[in-house]
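Asks: Any chance you can model this:
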Amino acid sequence: MATNTASSRVDDLINREQSAIACPYPIFAELREHDGPIFHEHLGAWLVTKYDDVRMILRDTERFSSRSPTGPQAAGTVLMERFMELSQDPTMAPYLTSITAGRGQAAVLLNADPPDHRRQRKLVNPAFRPDRLRSMEPAISETASRLLDDVVEQIQDSGQVDIVTKFAVGLPMTIIALALGVLGDDLATFKRWSDDIVMPVGNHSPSLDQVRGFIVSSNEFKEYFLGRIALSKREPAENILSDIANAVIDGEELTDDEQLGMLQQFLVAGNETTTKLITNIIHALAADAALQARVRADRTLIEPLVEEMLRIEAPVGGLFRQAKVDVQLGATTVPAGDHLWLLFAAANRDQCKFTEPDAVDIDRSNVKDHLAFGNGEHFCPGAGLARLEACIATGLLLDRLANITVAPDNDFVYEDSFVLRGLKHLNICAVAIIGAAAI
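Replies: Next comes the predicted model:
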């Protein structure tokens, strides 16, 4: 076990201290100085921070398993204690019976190993094919424009706006809801489910109320989508939900657990992470007038800007793998059965891979080599959709707002997670552009 300064500061990150969550990069830089990963006892995992090590492990499904991508089971002790407390509440009995009955039955995508993972990806990949993404562009543009109408109105009224709640949340939430066949009236409920279901990710000491919300929302999600899946089988539509409901390969359909697991992962990945990406892009533009002016003048720079923000501010700080055999990493032997936290956010700032890694540089020749979407066969299937939404959102934002700056009254509070990283709010000031004029 490491006893150095970095280890104690990792404690702050795992315990979700705001100072560590807000800026974990000095911690990661110190960890990268070690010749191999270090073991963190409280987390129960080895911390892997070097680019080459993280990429190698992501691509090596023979020696590393994905069955616990959000952390070792031992780290879920508090969660299980909360489950036991809630089992004493008679009103929670139906929810607990349902959630424990389905818990751990199906390994799906994120937590599946070959050959199950490869079979599932064959069924899912067509849902994110290029022509499907192109067909979604009008809906993305329309949704972004509608949300920006409200943003412009608030800026005209007060001179500033919380761009997270008014724009960055609503765009990906609406788009993934459309893709999953969710009705417009259900969007608010959909967002509550997303917030509650993602709660255990990067939170190993949840409150009783948080666990209650997780259980209730997980059950409501299950009941809602079992109905939507059945409807999609009777009445197929051109959306991801229908693709999943009706997918067949080699004469085999997905099980109910597999379908629900995929939909739940798409719900979280399709809005939580994209919200953080869009927020980070806007924050970077608002904080750097020269960068904003350059991208505003040359819109071809939007794509490399999106990639650079994925690198320098990865929405998912890192996921876990488990060693199937003893593995040598640098000077360290990781025993079979041990867990490893693959820190994408640390690898993306490895100076051995990226020059001046802590600087935003949209001219990098290797700007797309980041690991924000993972790598290898577990590379995020929704990466294309996230990139598309971010590019469209950035372009339309620049069309509608001039002189974007960070408002002086921000508190810069980050999400309560050591895995998912993003601002809860971001107040910006700007000048609304009406037609060809800014007012």
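
Asks: any idea which helix or strand of this structure has the worst average confidence?
Replies: Within the chain, no helix or strand scores below strand 437-438, which has a mean of 52 by mean pLDDT, DSSP states H and E.

Asks: which residues of the stretch 51-200 of the chain score low on pLDDT?
Replies: Applying pLDDT under 70 to the stretch 51-200 of the chain picks out residues 73-76, 98-105.

Asks: just so I have it, where are all the helices in it?
Replies: For the stretch 51-200 of the chain, the helices defined by DSSP state H, counting those that start in this stretch occupy 51-59, 77-86, 93-102, 116-124, 130-158, 163, 170-179, 187-197.

Asks: which residues sit against the fourth one?
Replies: Applying C-beta atoms under 8 Å, 6 or more residues apart in numbering, the set of residues contacting helix 116-124 from outside is 61, 66, 107-109, 112, 243-244, 247-249, 252, 254, 258, 262, 377-378, 381. Yep, even glycine has a C-beta here, placed from its N, CA and C like the rest.

Asks: residue ranges for the helices of the stretch 201-350 of the chain, please.
Replies: Under DSSP H, counting those that start in this stretch, the stretch 201-350 of the chain gives helices at 208-234, 240-246, 256-287, 289-297, 302-312, 344-347.

Asks: what's the closest of the ones you listed to residue 412?
Replies: helix 256-287 (9.3 Å; C-beta to C-beta).

Asks: that older thread, so which of the helices of the stretch 201-350 of the chain is the most surrounded?
Replies: Most buried of the helices of the stretch 201-350 of the chain, by mean neighbour count (mean count of other C-beta atoms under 10 Å): helix 344-347, with a mean of 27.

Asks: Could you list every helix and strand that that one packs against?
Replies: helix 25-32, helix 51-59 (3 or more C-beta pairs under 8 Å, 6 or more residues apart in numbering; DSSP states H and E).

Asks: looking at the helices of the stretch 201-350 of the chain, which one has the lowest mean pLDDT?
Replies: Lowest mean pLDDT within the helices of the stretch 201-350 of the chain: helix 240-246, at a mean of 88.

Asks: now for that one, which elements pack on it?
Replies: With contacts taken as 3+ C-beta pairs under 8 Å, 6+ apart, helix 240-246 sits against helix 116-124, helix 208-234, helix 256-287.

Asks: Off-centre distance for it?
Replies: 22 Å (C-alpha atoms, centre = their mean, to the nearest Å).

Asks: Tabulate the helices and strands packed on helix 344-347 (TSV), appending distance to residue 164.
Replies: Listed next are the helices and strands packed on helix 344-347 as TSV, based on distance: least, C-beta to C-beta, whole Å:
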stretch	distance to residue 164
helix 25-32	21
helix 51-59	29
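
Asks: looking at the ones you listed, which is closest to residue 170?
Replies: Residue 170 lies closest, by C-beta to C-beta, to one member of the helices and strands packed on helix 344-347: helix 25-32, at 29.1 Å.

Asks: partner strands of the helix or strand following that closest one, parallel or antiparallel?
Replies: Per DSSP states H and E, the first helix or strand lying C-terminal to helix 25-32 is strand 38-40. Paired neighbours of strand 38-40 in the sheet (DSSP bridges): strand 45-48 (antiparallel).

Asks: May I have the partner strand as PDB, with CA atoms only?
Replies: The C-alpha trace of strand 45-48 is given here as PDB (Å, rounded to 0.1, in the frame of the first residue of the first chain):
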ATOM      1  CA  ALA A  45      -7.900  -1.200  -6.400                       C
ATOM      2  CA  TRP A  46      -4.600  -0.400  -8.200                       C
ATOM      3  CA  LEU A  47      -4.500   3.100  -9.600                       C
ATOM      4  CA  VAL A  48      -3.300   3.000 -13.300                       C
END
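
Asks: Quick check: nearest residue in space to the spatially most central residue of the chain, chain neighbours excluded?
Replies: With distances taken as C-alpha atoms, centre = their mean, the residue of the chain nearest its centroid is residue 273 (3.1 Å). Leaving aside its sequence neighbours, residue 273 sits nearest to residue 315 (C-beta to C-beta, 6 or more residues apart in numbering; 4.1 Å).

Asks: Surely that neighbour touches residue 276?
Replies: Yes: the pair residue 315 / residue 276 is scored as a contact, 3.8 Å apart, by C-beta atoms under 8 Å.

Asks: shared neighbours, those two?
Replies: Counting by C-beta under 8 Å, 6+ apart, the residues touching both residue 315 and residue 276 are 420, 421, 422.

Asks: Residue 86 versus the last one, what's the distance?
Replies: Counting by C-beta to C-beta, to the nearest Å, the gap from residue 422 to residue 86 is 28 Å.

Asks: Comparing these two, which shows the higher neighbour count?
Replies: residue 422 (23 against 17; other C-beta atoms under 10 Å).

Asks: Kindly give the local confidence score, pLDDT, for that one.
Replies: You'll see residue 422 listed with a pLDDT of 94.

Asks: same check, this time on the one 4 residues further on
Replies: On the pLDDT scale, residue 426 is placed at 98.

Asks: would CSV of the helices and strands packed on helix 240-246 with distance to residue 328 be doable?
Replies: Formatted as CSV, the helices and strands packed on helix 240-246 follow (distance: least, C-beta to C-beta, whole Å):
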stretch, distance to residue 328
helix 116-124, 25
helix 208-234, 38
helix 256-287, 32
